[in-house]
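Participant: Using only what follows, build the 3D model:
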Amino acid sequence: MATALRLPSLLSSRAAPTTAARATIRGNRAGSFTHRVAAQPDDTTATTSTTPAPPAGFTPPVPKRFEVKPGQSNNIAGAALALPFRLGTGVFVLGYGVTLVDANEISPDQYALDFQGRKVKETSKVGQCPRPAKPIEIYEFEGCPFCRKVREMVSVLDLDVLYYPCPKGSPTFRPKVLEMGGKRQFPYMVDPNTGVAMYESDDIINYLAKTYGDGSVPIMLKLGLLTVSN
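Facilitator: A predicted model of the protein is given here:
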């Protein structure tokens, strides 16, 4: 019983070319075949684009001109008063400085900025100061200007600190501060390395400077109320 062998369209020399691919079969004297396939775009594929629609009942907001809330102008002016004194505080660590040196003075495994054929060498006093073995604990909240002063001093000294957020109405860490220190006042610092705990931002700043710095406090952080801003 004879059986007809049906070859795939790609190998059959009698198959009609399609829009997806065309196969050309060429024979030579040795009886071998070379198959050449040329891809063609599929004309049957339709491209559709959809535009997302807003949900039912959606009303776009009406643009409004920026303005200061009535009665807040004095608060904004008072908060901006300390800006000239606090500009840059916390950006640079203790004793930060830069010098231009020859490229051979910088180790190949150290990064240094190139400047007019020389290298910018950065130095600080942080490496010469004591480092806390355990992270210092500070209880504070974002909107407190006195807490912000302490955070900036922590940045100046490059210290490892655990911050405990204590926003108003928080039931988690605010009661803990009252239990530990006897007052619901912020910031509150606990140093597990020395056993010292204290309130008052200026006292905390001075303590950190003497214990983990060279004793100096940036001028921007020791001008009293002039350096307090929201």
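Participant: Looks to me like Arg65 is in a strand.
Facilitator: No - counting by DSSP: H, G, I helix; E, B strand; the rest coil, Arg65 falls outside a strand, being coil.
Participant: where do the strands sit along this protein?
Facilitator: Using DSSP state E, the strands assigned to the chain run over residues 21-27, 33-39, 97-101, 113-115, 118-123, 136-140, 161-165, 188-191, 196-198.
Participant: between the third one and strand 118-123, how many degrees?
Facilitator: If I follow you right, that is strand 97-101. Going by axes from the mean of the first three to the mean of the last three C-alpha atoms, to 10 degrees, strand 97-101 is angled at 150 degrees with respect to strand 118-123.
Participant: Quick check: the gap between Phe146 and Tyr111.
Facilitator: Using C-beta to C-beta, to the nearest Å, Phe146 is found at 36 Å from Tyr111. For glycine as for every other residue, the C-beta is placed from the backbone atoms N, C-alpha and C.
Participant: Who has more neighbours out of the two?
Facilitator: Between Phe146 and Tyr111, counted using other C-beta atoms under 10 Å, the more crowded position is Phe146 (17 against 8).
Participant: If you drop the residues flanking it in sequence, what lies closest to the more buried one?
Facilitator: Nearest residue to Phe146, sequence neighbours excluded (C-beta to C-beta, 6 or more residues apart in numbering): Ser201, at 3.9 Å.
Participant: Stretch 102-112 spans what distance, first to last residue?
Facilitator: With C-alpha to C-alpha, to the nearest Å as the measure, stretch 102-112 spans 11 Å from end to end.
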